[in-house]
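1. Next one to model:
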Amino acid sequence: MRGCEKPRLWLGVVLCVGGLSLAASAQLAPETALPEAPSTLMQSHAPVSRLWFPAPGESSPQDHPQPANRQDSDWNFVGLIKRGARDQKEIYSAPLHRQNLKWDALFLVATGGLIAADKYVPGAISHDHLAISQHISDVGLYSTMATTGVLYLSGIARKDEHARETGFLGLEALGNTLGVDAVTQLIAGRERPLEGSGHGRFWVNNAFNSSFPSQHSGLTWSMASVLAHEYPQPWVQFLAYGTAATVSATRVTGLKHFPADAVVGGVFGYFIGQHIFRAHSRFFHSRPHPRPSDHN
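-> Modelled structure (predicted):
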C-alpha cells in the first residue's frame with residue numbers, strides 16, 4: 001500500500017473504533033451515567049418550535065411546561081407517527097418565524113457564496129485517491145450509527161434510561177434529517193461533482209440521490225448533535241463533532257459532493273438533532289434552568 005494511503009485508512013479505523021468506544025463509555029455505573037450539563041445548557045432553553053437559532057434571554061422550561069403525559073404517549077406506534085409529523089412540521093416552519101429571518105438571510109447569503117465557488121472544486125482536488133475519502137466518510141457515518149444503535153440497545157438491556165433515550169433520539173434525529181434531505185435533494189436536483197460539466201448544475205438530476213445537500217453529512221451531524229447534547233463532556237463533543245466534520249470534509253475530497261452540499265447538510269443535521277434533543281429529552285427538561293433574571 002502506498003504511504004499516502006495509510007494515514008487515511010488509519011483515520012477511518014480510528015473513527016470507527018472511537019465511535020464504538022463512545023457507546024461503550026456510556027455503560028458506566030448508574031451514578032456516573034448522567035453527567036452534569038455545562039453552564040451553556042443550564043442557562044439557555046429554546047421552545048421546541050425554535051429550531052435554527054435560539055434567541056438570547058430565553059425563558060425557562062417552567063414557563064413552557066411539557067404536558068405530563070406527552071412523553072409517555074409518544075412511545076406507542078400511533079404516538080410515534082404523530083410525534084414524527086409534529087417534528088417535521090416544526091422543522092419546516094422554523095425558518096419562517098420572524099425571529100429567525102435575519103439568520104435565514106445570513107444562511108442564504110453564505111450558501112450562495114459557496115455555490116458560486118463550487119465549480120472550481122473538482123479541478124482543484126486530486127482524483128488519485130477518491131475512493132479513500134469515500135471510504136472514510138462511510139466509516140464515519142456508519143460508526144456514528146453503530147454508536148447510536150448500541151446506546152439504544154444497551155440502554156434497554158441495562159435499564160439505563162439515559163443511554164436508551166440518547167440512542168432513540170439519535171435515530172429519531174436521523175429519520176427526520178433523512179426526510180428533510182430527501183425532499184431537498186428531489187427539489188434541488190443538483191449534479192454531483194463528477195456528473196455533467198462538473199459545475200453542479202441545479203434542477204437537472206431531480207432524484208432522491210442528487211448532490212444537494214449531502215446526506216452523509218446531514219445524517220452524521222444529526223446523530224452527533226444528539227450525542228453531544230445528551231453527554232455534554234468535552235471529549236464526547238470532540239469525538240462526535242470531529243467525526244461529523246471529517247465526514248463532511250471527505251465527502252468533498254472524495255468528490256461526492258461540493259462544499260455547499262456538505263455545509264448545508266451539516267447545518268441541517270446539527271439543528272435538527274438539537275431540535276429533537278430539546279423537544280423530547282427528559283433529562284434536558286428535568287434539569288433546572290435559571291431564569292435570565294437570576295444572573296443579574
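2. Residue 165: which element?
-> helix 161-188 (DSSP states H and E).
3. C-terminal to that helix, which secondary structure element comes first?
-> Using DSSP H and E, the first helix or strand after helix 161-188 is helix 215-230.
4. pLDDT (mean, whole number) over that next one?
-> Mean per-residue pLDDT for helix 215-230: 97.
5. which phi and psi does the residue nearest to residue 213 when sequence neighbours are not counted have?
-> The shortest distance from residue 213 to any non-neighbouring residue, by Cβ to Cβ, 6 or more residues apart in numbering, is to residue 265 (3.6 Å). Where C-beta positions appear, they are placed from N, C-alpha and C, glycine not excepted. With angles defined as degrees, to the nearest 10, residue 265 sits at phi -60, psi -40.
6. quick one, what contacts residue 265?
-> For residue 265, the contacting residues are 181, 213, 214, 215, 216, 217, 218, 221, 248, 257, by Cβ atoms under 8 Å, 6 or more residues apart in numbering.
7. And the helix holding residue 165, what does it pack against?
-> Identification of packing neighbours for helix 161-188 by 3 or more Cβ pairs under 8 Å, 6 or more residues apart in numbering; DSSP states H and E yields helix 77-93, helix 130-158, helix 215-230, helix 259-280, helix 282-286.
8. Taking their axis directions, the second one and helix 259-280 sit at what angle?
-> Between the axis of helix 130-158 and that of helix 259-280 there is an angle of 10 degrees, by axes from the mean of the first three to the mean of the last three Cα atoms, to 10 degrees.
9. and residue 112, how far is that from residue 260?
-> 9 Å (Cβ to Cβ, to the nearest Å).
10. Residue 109 too?
-> 12 Å.
11. quick one, which of these two is more surrounded?
-> Neighbours of residue 109 and residue 260, each counted by other Cβ atoms under 10 Å, are more numerous for residue 260; the result is 25 against 10.
12. Grab the nearest non-local neighbour of residue 258.
-> residue 118 (3.9 Å).
13. mean confidence score for stretch 105-122?
-> 93.
14. How many residues are close by the closest residue to residue 127 other than its chain neighbours?
-> Sequence neighbours aside, residue 255 is the residue nearest to residue 127 in space, at 7.2 Å (criterion: Cβ to Cβ, 6+ apart). Neighbourhood size, residue 255 [other Cβ under 10 Å]: 19.
15. For residue 255, report the pLDDT, please.
-> Checking the pLDDT column for residue 255, the value is 95.
16. okay if I get the helices and strands packed on helix 161-188 as JSON lines plus distance to residue 191?
-> Output for those, formatted as JSON lines (distance: least, Cβ to Cβ, whole Å):
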{"stretch": "helix 77-93", "distance to residue 191": "25"}
{"stretch": "helix 130-158", "distance to residue 191": "16"}
{"stretch": "helix 215-230", "distance to residue 191": "16"}
{"stretch": "helix 259-280", "distance to residue 191": "11"}
{"stretch": "helix 282-286", "distance to residue 191": "41"}
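17. Tell me which of these sits nearest to residue 201.
-> Nearest to residue 201 among the helices and strands packed on helix 161-188 is helix 259-280 (12.9 Å), distances taken as Cβ to Cβ.
18. So what angle separates the directions of the closest one and helix 77-93?
-> 130 degrees.
19. Work out the gap between helix 259-280 and the centre of the chain.
-> 4 Å (Cα atoms, centre = their mean, to the nearest Å).
20. Kindly report the same for stretch 198-208.
-> 24 Å.
21. May I see the buried residues of it?
-> Buried positions in stretch 198-208, judged by neighbour count with 16 or more other Cβ atoms under 10 Å: 198, 200, 204, 205.
22. Run a quick neighbour tally on the closest residue to residue 177 other than its chain neighbours.
-> Using Cβ to Cβ, 6+ apart and skipping residues adjacent in sequence, the residue nearest residue 177 is residue 222, 4.1 Å away. Using other Cβ under 10 Å, residue 222 has 36 neighbouring residues.
23. deepest of the helices and strands packed on helix 161-188, which one?
-> With neighbours defined as mean count of other Cβ atoms under 10 Å, the helices and strands packed on helix 161-188 peak in mean count at helix 215-230, which reaches a mean of 29.
24. The stretch 1-150 of the chain: helices as residue ranges?
-> With DSSP state H, counting those that start in this stretch as the criterion, the stretch 1-150 of the chain has helices at 6-25, 39-42, 70-73, 77-93, 101-118, 121-124, 130-158.
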